[in-house]
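# the sequence isn't on hand, but the structure is:
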């Protein structure tokens, strides 16, 4: 994420959720709960607020990542709990691709 602003957090959150939904043919009705974490340099807004704005009306929790020296900055993560079986397609977007290159397919 380029900056710490409500708009940047909203856009990054919605982009990530929409990408996960697309890659997994995921419908909000399958979602049980969502955990968001952000690095300590992102505090301008709650990711859950951005998710609710696009219709994700499920229990959500926003929390802060551990502040580990050398860790990726301005990073938003999401853990989505769903009720379904089958394979899962993960999404590591932008600079987060470096966190798990083994899970991220470049298309």
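Looks like it arrived, so ask away. In this text the structure is predicted, and so the values were computed from the model without any measurement.
# residues touching the residue nearest the centre of the chain, list them.
Centroid-nearest residue in the chain, with Cα atoms, centre = their mean: residue 78, separated by 3.5 Å. Contacts for residue 78 were tallied using Cβ atoms under 8 Å, 6 or more residues apart in numbering; they are 13, 16-17, 20, 34-37, 47. The way it works is simple: take the backbone N, C-alpha and C, and place the C-beta from them, glycine included.
# ok, the helix or strand where it lies: who's next to it in the sheet?
For residue 78, the element it lies in under DSSP states H and E is strand 76-82. Within its sheet, strand 76-82 is paired with strand 31-38 (antiparallel), according to DSSP bridges.
# by contact count, what packs against the helix or strand following the partner strand?
Sequence order places helix 47-53 as the next helix or strand after strand 31-38, per DSSP H and E. Secondary-structure packing of helix 47-53 (3 or more Cβ pairs under 8 Å, 6 or more residues apart in numbering; DSSP states H and E): helix 6-24, strand 31-38, strand 60-64.
# redo these as CSV? Include mean pLDDT, distance to residue 72 and mean neighbour count.
Listed next are those as CSV, based on pLDDT from 0 to 100; distance: least, Cβ to Cβ, whole Å; neighbours: other Cβ atoms under 10 Å:
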stretch, mean pLDDT, distance to residue 72, mean neighbour count
helix 6-24, 94, 13, 17
strand 31-38, 96, 11, 18
strand 60-64, 97, 14, 14
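# can you list these in JSON lines and add distance to residue 51?
Listed next are those as JSON lines, based on distance: least, Cβ to Cβ, whole Å:
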{"stretch": "helix 6-24", "distance to residue 51": "6"}
{"stretch": "strand 31-38", "distance to residue 51": "6"}
{"stretch": "strand 60-64", "distance to residue 51": "6"}
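# nearest to residue 82, out of these?
For residue 82, the closest of the helices and strands packed on helix 47-53 is strand 31-38, at 5.6 Å, according to Cβ to Cβ.
# show me where pLDDT drops low in this structure?
Counting by pLDDT under 70, the chain contains low-confidence ranges at 90-107.
# how distant is stretch 18-29 from the center of its chain?
Put simply, stretch 18-29 sits 12 Å off its chain's centre (Cα atoms, centre = their mean, to the nearest Å).
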